[in-house]
Every structure is written in structure tokens, then in C-alpha cells.
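Undergrad: Have a look at this fold, sequence not included:
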Ligand code: MG
């Protein structure tokens, strides 16, 4: 049986439903309506905007709506999908969760991810405490403000992906993007459980990849995005919840780096510069290569580059 699928605007589908009012049939799941025309064409309109025409006169029937048709041969532009992930400005002043991570570009140390829940009536207090974009804060301020946030009893969830686990996931084929997506996802879910029935107006993730890629990553672990989840780059400068999450994650990263430094016996540098390459060589000479698995992201190019200092 000939079949044709086109995509239409919401308005066009409303018009169709009125037009076919006399010939409507039971609506299948996921559909807006189904109709069977006098010429035995079955027309099914789906919530996705797709309309399927089935029957010998499918083309003639579809042509009736031709002018309203959206080209179905091309996928909808990504921008259109992404716009649904852009937070409304009102979110920043309402009860929301924000999440951010630290340590992803650092050869030494774990990835830390924190989600924080901020109520609208706490925003002023957080500003008073100096919560702001952590990129503008010194390490000392980050540690101090993180302590203040904890004393506030602001609900948060902090996850630390230690180096041994990181390296084993990486060897299993996980990209760093997938690790980050799962860390954000679990931190947010833990926090949602913590806050229980408190009103939550939305969730904002500091964007590190396209939202559809994030969704793909968590789908490989059979997870879905919670309702009202938004993505935004540099979100920590617009949302105090993301800024708080960012400060908690950074403070935790600093703390973990202190612990690792005392275990290894050297002050581990941040980042992934030449300074790091030199330090790797020192560590290998003093402790052997295997110790890197417990304190470094070993797949970084630095591991190889350190060879020249051995
Ligand atoms: Mg970030």
C-alpha cells in the first residue's frame, strides 16, 4: 500500500483535524488524530509533527496539504532542538538545581561533579557569601566559600570519579564526555531524591557538549533526562546554583589533589602543561610507573611526553 510521511506545523495539523472531523477514527498511541477519507486514505497525525498518509490515493491526499508541508527529507536543524534546552531567564531566580564539574582538563587528580539546589529565597544570601563564577575566584576563596556553603546546609550532591575508576572506564571505551554526562546525571538524581517534595522549577547543567549528545550518552546506560532540564555554556555566571555547584566541585578537586600530593610525595601541578610532564618523570623515578594509575588520567598525551625527561 502506498505510504507517505510529511512533517507539518502544529497549526496545520489542527486545520487537518478540523477538515477530517467527519471521518475520525480511534486515535492510536502517540497520535493526535487518525482519519479515514472517502477515498480510503488513512491519515495519521503524530505528536512529533509527522503525518502519515496510507492508501492508493495517499499522494493526492497529501498534496491537499502541500503548501503547509515542512521538508521531511532533512532532519530538523539542531538549533531548533537545542532551543528547547535553553533555560528561561526566570529559572535563575527560582528554585533550581545547578551542576558543574572540575578536573576534566587536569592530568593529575579525579573528576569531581557537584549539583546544588538553591531556593529563590536563598539567592541574596549566596551573593553575600561571594558565590559567583568560580573562574574569577582564587583557590583560597573557593575553599572558604565552599565551607560557607556547607554551613548553610544547602542541599547538594558531590561525586568524585577517582583515577583508578576513570582509567578503567576509559580502557572500557568510555569517552570523557560519557563519564561527565553520567556524573552529572547521577549527582542530579541523588540531589532530586534529597530534596524530596520541595518545589523544583528546573535543572541547569553547565553545558560541556550538545544536549543531544548528553542524552545519547545517558541513554547508553538506560537513563533519561529529567523534565525541565536545561543546558547553557558558562552557566555559572548566570545561575547561582551552578556557581555553587562549581565551587563545591572545585573545592573538592583541590582537596583531592592535596591528598594525592601527600600520597605521592610531590605537590601535583594542575593542568596538562610541560610542568606536568616533568612531574610525571619525577614520580616514575621515585615510585614506579604503576602509581600513575592511582593519581592521573593516564590516557592524556602527557604520559608519553614525560618519556623525554626520564
Ligand atoms: Mg563547567
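TA: Noted; the coordinates are in hand. Keep in mind that this is a model prediction, so the values were computed, not measured.

Undergrad: Right, and the ion sits closest to which residue of the stretch 201-310 of the chain?
TA: Sorted by distance to the ion under CB to the ion, the residues of the stretch 201-310 of the chain start with residue 206, at 3.8 Å. Yep, even glycine has a C-beta here, placed from its N, CA and C like the rest.

Undergrad: Need phi/psi at that residue.
TA: As for residue 206, its main-chain torsions (degrees, to the nearest 10) stand at phi -70, psi 120.

Undergrad: host element of residue 97?
TA: Residue 97 is part of strand 96-102 when elements are defined by DSSP states H and E.

Undergrad: Contacts for that strand, please.
TA: 111-118, 134, 180, 183-184, 187-188, 191-192, 200-206, 208, 235-236, 239-246, 249-250, 252-253 (CB atoms under 8 Å, 6 or more residues apart in numbering).

Undergrad: tell me which parts of the protein are close to the ion?
TA: By the rule CB under 5 Å from the ion, the part of the chain lying against the ion is 100, 206.

Undergrad: May I ask you to confirm that the residue of the stretch 201-310 of the chain closest to the ion is in contact with residue 237?
TA: No: in this structure, residue 206 sits apart from residue 237 without contact. The criterion is CB atoms under 8 Å, and the distance is 9.9 Å.

Undergrad: By average pLDDT, which secondary structure element in the chain comes out worst?
TA: Least confident element among the helices and strands of the chain, by mean pLDDT, DSSP states H and E: strand 69-70 (a mean of 52).

Undergrad: The chain: strands as residue ranges?
TA: Counting by DSSP state E, the chain has strands at residues 3-8, 24-25, 31-36, 42-46, 50-54, 69-70, 96-102, 111-118, 156-161, 202-206, 229-232.

Undergrad: what bridges to the nearest residue to residue 229 once chain neighbours are set aside?
TA: On the basis of CB to CB, 6 or more residues apart in numbering, the spatially nearest residue to residue 229 that is not a chain neighbour turns out to be residue 203, at 4.5 Å. Residue 203 forms beta bridges with residue 97, residue 229, as assigned by DSSP bridges.

Undergrad: which one is residue 220 nearest to, not counting chain neighbours?
TA: Distances taken as CB to CB, 6+ apart place residue 178 nearest to residue 220, at 7.1 Å, with adjacent residues excluded.

Undergrad: got the residue ranges for the helices in the stretch 51-200 of the chain?
TA: Residue ranges of the helices in the stretch 51-200 of the chain, as given by DSSP state H, counting those that start in this stretch, are 58-63, 78-83, 123-128, 139-151, 163-172, 176-195.

Undergrad: out of those, nearest to residue 229?
TA: For these, distance to residue 229 was read as CB to CB. The smallest value, 7.8 Å, belongs to helix 176-195.

Undergrad: State the mean pLDDT of the closest one.
TA: If you average the pLDDT over helix 176-195, you get 98.

Undergrad: Pull the residues that contact it.
TA: Counting by CB under 8 Å, 6+ apart, 97, 99, 101, 104, 111, 113-117, 155-159, 161, 166, 169-170, 200, 203, 205, 208-209, 213-214, 217-218, 220-221, 223, 226, 229 sit against helix 176-195.

Undergrad: For the stretch 1-150 of the chain, which residue gets nearest to the ion?
TA: Closest approach between the stretch 1-150 of the chain and the ion, counting by CB to the ion: residue 100, at 4.4 Å.

Undergrad: count of neighbours near that residue?
TA: Other residues within reach of residue 100 by the criterion other CB atoms under 10 Å amount to 29.

Undergrad: Now do the contacts for the closest residue to it other than its chain neighbours.
TA: Sequence neighbours aside, residue 246 is the residue nearest to residue 100 in space, at 3.8 Å (criterion: CB to CB, 6+ apart). The contact partners of residue 246, by CB under 8 Å, 6+ apart, come to 98, 100, 102, 114, 133, 134, 206, 236.

Undergrad: Now do the same for residue 246: its pLDDT.
TA: Per-residue confidence (pLDDT) for residue 246: 96.

Undergrad: Next one: it from residue 214, what distance?
TA: Applying CB to CB, to the nearest Å, one obtains 18 Å for the distance of residue 246 from residue 214.

Undergrad: go on, residue 37?
TA: Using CB to CB, one obtains 42 Å as the distance from residue 37 to residue 214.

Undergrad: Give me the more crowded residue out of these two.
TA: Between residue 37 and residue 214, counted using other CB under 10 Å, the more crowded position is residue 214 (24 against 19).

Undergrad: coming back round to it: quick check: PyMOL command selecting the buried ones in the contacts of strand 96-102.
TA: Only the buried members of the contacts of strand 96-102 end up in this PyMOL selection, burial being decided by 16 or more other CB atoms under 10 Å:
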select buried, resi 111+112+113+114+115+116+117+118+134+180+183+184+187+188+191+192+200+202+203+204+205+206+208+235+236+239+240+241+242+243+244+245+246+249+250+252+253
